[in-house]
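S.K.: Sequence below, structure please.
(2 chains)
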Protein chains: 2
Amino acid sequence: MDVYEALYTTRAMRRVKTDPIPMEVQAKILDAAIRAPSGGNTQNWRFMLVDDPDIRSALGPLYRDCIDHLWDTVYKERIEAAGADPDTPENKATSAMIRSVEHAAENFAEYPLFLFAFQHGDGSGGSIFPSIWSAMLAARAEGVGSSLTTVLRYKGDVVPELLGVPVAKGWMMSACVPMGYPTGRWGVAERIPAHHVAYRNTWGTPIGFEVNKPLWS
Amino acid sequence: MDVYEALYTTRAMRRVKTDPIPMEVQAKILDAAIRAPSGGNTQNWRFMLVDDPDIRSALGPLYRDCIDHLWDTVYKERIEAAGADPDTPENKATSAMIRSVEHAAENFAEYPLFLFAFQHGDGSGGSIFPSIWSAMLAARAEGVGSSLTTVLRYKGDVVPELLGVPVAKGWMMSACVPMGYPTGRWGVAERIPAHHVAYRNTWGTPIGFEVNKPLWS
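M.R.: Numbering: from 1, shown residues only, chains lettered A, B, ... in the order given. Below you'll find the predicted structure:
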């Protein structure tokens, strides 16, 4: 697959089948992840693939709780705005995102595979995210859908215990990537165009070009 | 370019030519960046391309200071270890990394282009890193080398002022990516193999496969 196809069509894919992901595909995804850069090339990371049915069943209600907490806090205003005025483009996008995440929350234990990423330290650093994004791009190349969530960190006591993470030694969960073969189709996600969110040399100065439709499609 | 070639060969490329990067290549890099996911699809980001000679000249000594600070703090132990026992694989890797970063520190103002990324909030979140990594992968596809640095945040007062960042409105610098056409060659970086840094279902349980050489080469 062309790199641009991967970069343009790897969007949050939360509606997936329960079919297992073959071992050789899992190996490709993980080997792509560890090729990514890390701060000072410390490779201060650990990954975990979770496919055990009991652990997946235990994760389901934990994720459900985390999402309920998310809706009640960070997204409270956006959800209320979308309810009050459902037809603006922004509020439609919010509602679509919420439906997608609700699907994940209702079916979390059904994902055939989860990729967890851990960092040494407080787990909040950005240094591990290139590797996670590389894993998601490699998954896309293999036809595997994924999405990225950090909300399980709300259960920072229970989830690490479930997975046996040595928290006392400084290992912290950074993110979780549920994976599976999509039920729907890949596509290019709508985004605010580059020239609306990018400047040249100083803040507010136009970037010098306009990109009014995706440069790959 | 195949997505795996990009994922496997996009490594920190700090030795670059001063040749400018054409506008249409810059547009491809930025348009790839904004296709990346962000937390809740908020797209709570701004990017800046810096090619102005005066701003680049001002950035040079600031980066130099940040690197000196980095060597004196975070990397102090690793540098001393590398000096004391220079021939271990780990210490050789440290020394190579330091030489590469020193090259950047001595020639920072000569990079023809910098991509800065900003987030609303404290700038430390991971949510913006997929977009930065997408920009670096697209740059790779166009033959442009890059590296990722967050050290300019040590100059969190001076650099934002230089670039006119509205810090009072909550915008913070997350990272800086110097770019340019490489003087050297692309290659697959050595990494600790996946099966040494990945587990299955619980911490410490073998992942179930071994990847003893890169699955793409």
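
S.K.: Does chain B have contacts with stretch A:30-49?
M.R.: Yes - using Cβ under 8 Å from any Cβ of the partner chain, stretch A:30-49 reaches chain B at A:30-37, A:39-41, A:43, A:45-49. C-betas here are computed from N, CA, C, even on glycine.

S.K.: from these, which ones fall inside strands?
M.R.: Counting by DSSP state E, the residues of stretch A:30-49 next to chain B place A:Trp45, A:Arg46, A:Phe47, A:Met48, A:Leu49 in strands.

S.K.: quick one: A:Arg140 from chain B, how far?
M.R.: 8 Å (Cβ to the nearest Cβ, to the nearest Å).

S.K.: what does A:Ile79 give?
M.R.: Applying Cβ to the nearest Cβ to A:Ile79 and chain B gives a distance of 11 Å.

S.K.: residue closest to the middle of chain A?
M.R.: A:Leu148 (1.0 Å; Cα atoms, centre = their mean).

S.K.: correct me, but that residue touches A:Leu137?
M.R.: No - the criterion here is Cβ atoms under 8 Å, and A:Leu148 misses it with A:Leu137 at 11.6 Å.

S.K.: Longest helix in chain A, please.
M.R.: Identified as the longest helix of chain A according to DSSP state H is helix A:53-72.

S.K.: hmm, that one touching chain B?
M.R.: Yes - shown here: helix A:53-72 in contact with chain B (Cβ under 8 Å from any Cβ) through A:Ile55.

S.K.: tell me which strands and helices that helix is in contact with?
M.R.: If you count contacts as 3 or more Cβ pairs under 8 Å, 6 or more residues apart in numbering or on different chains; DSSP states H and E, helix A:53-72 packs onto helix A:89-106, helix A:158-163.

S.K.: Mean neighbour count added to these, as TSV?
M.R.: Below are those laid out as TSV (neighbours: other Cβ atoms under 10 Å in any protein chain shown):
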stretch	mean neighbour count
helix A:89-106	16
helix A:158-163	18
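
S.K.: hmm, which of the ones in strands among the residues of stretch A:30-49 next to chain B are the buried ones?
M.R.: Among these, those classed as buried by 16 or more other Cβ atoms under 10 Å in any protein chain shown are A:Trp45, A:Arg46, A:Phe47, A:Met48, A:Leu49.

S.K.: Check the last one and give its pLDDT.
M.R.: Yep, that's A:Leu49 we're talking about. With respect to pLDDT, A:Leu49 scores 98.

S.K.: What of the second one?
M.R.: Per-residue confidence for A:Arg46 comes out at a pLDDT of 97.

S.K.: That one reaches B:His195, doesn't it?
M.R.: No - look at A:Arg46 against B:His195 with Cβ under 8 Å: they stay out of range, at 11.7 Å.

S.K.: and after the longest strand seen in chain A, which helix or strand comes next?
M.R.: Secondary structure of chain A read by DSSP E shows that its longest strand is strand A:171-180. The first helix or strand that comes after strand A:171-180 along the chain, using DSSP states H and E, is helix A:194-197.

S.K.: Take the residues of stretch A:30-49 next to chain B and keep only those in helices.
M.R.: Under the assignment DSSP H, these contribute A:Leu30, A:Asp31, A:Ala32, A:Ala33 to helices.

S.K.: How about the contacts made by the first one?
M.R.: Just to be clear, that refers to A:Leu30. By Cβ atoms under 8 Å, 6 or more residues apart in numbering or on different chains, the contact list for A:Leu30 reads A:Phe47, A:Leu49, A:Leu115, A:Ala135, B:Ala194, B:Ala198, B:Ile207, B:Val211.

S.K.: same check, this time on A:Pro53
M.R.: A:Ala109.

S.K.: And it, how close does it get to A:Pro61?
M.R.: 14 Å (Cβ to Cβ, to the nearest Å).

S.K.: now swap in A:Leu113 and tell me
M.R.: Relative to A:Pro61, A:Leu113 is positioned 19 Å away (Cβ to Cβ).

S.K.: Check A:Val3 too.
M.R.: 38 Å.

S.K.: so what's the residue lying closest to A:Tyr111 once chain neighbours are set aside bridging to?
M.R.: Leaving aside its chain neighbours, A:Tyr111 sits nearest to A:Pro178 (4.0 Å; criterion: Cβ to Cβ, 6 or more residues apart in numbering or on different chains). Beta-bridge pairing for A:Pro178 (DSSP bridges): A:Phe114.

S.K.: With the one 4 residues further on instead?
M.R.: Beta bridges link A:Pro182 to A:Val16 when assigned by DSSP bridges.

S.K.: List the contacts of it.
M.R.: Here A:Pro182 is in contact with A:Met13, A:Arg15, A:Val16, A:Lys17, A:Gly143, A:Gly145 (Cβ under 8 Å, 6+ apart).

S.K.: Now the buried members of the residues you listed.
M.R.: A:Met13, A:Val16, A:Gly145.

S.K.: Closest one to chain B out of those, please.
M.R.: In terms of Cβ to the nearest Cβ, no member of those lies closer to chain B than A:Met13, at 10.4 Å.

S.K.: Mind telling me what element the residue of chain A found nearest chain B is part of?
M.R.: Using Cβ to the nearest Cβ, A:Phe129 is the residue of chain A that sits closest to chain B, at 3.5 Å. Using DSSP H and E, A:Phe129 falls within helix A:129-141.
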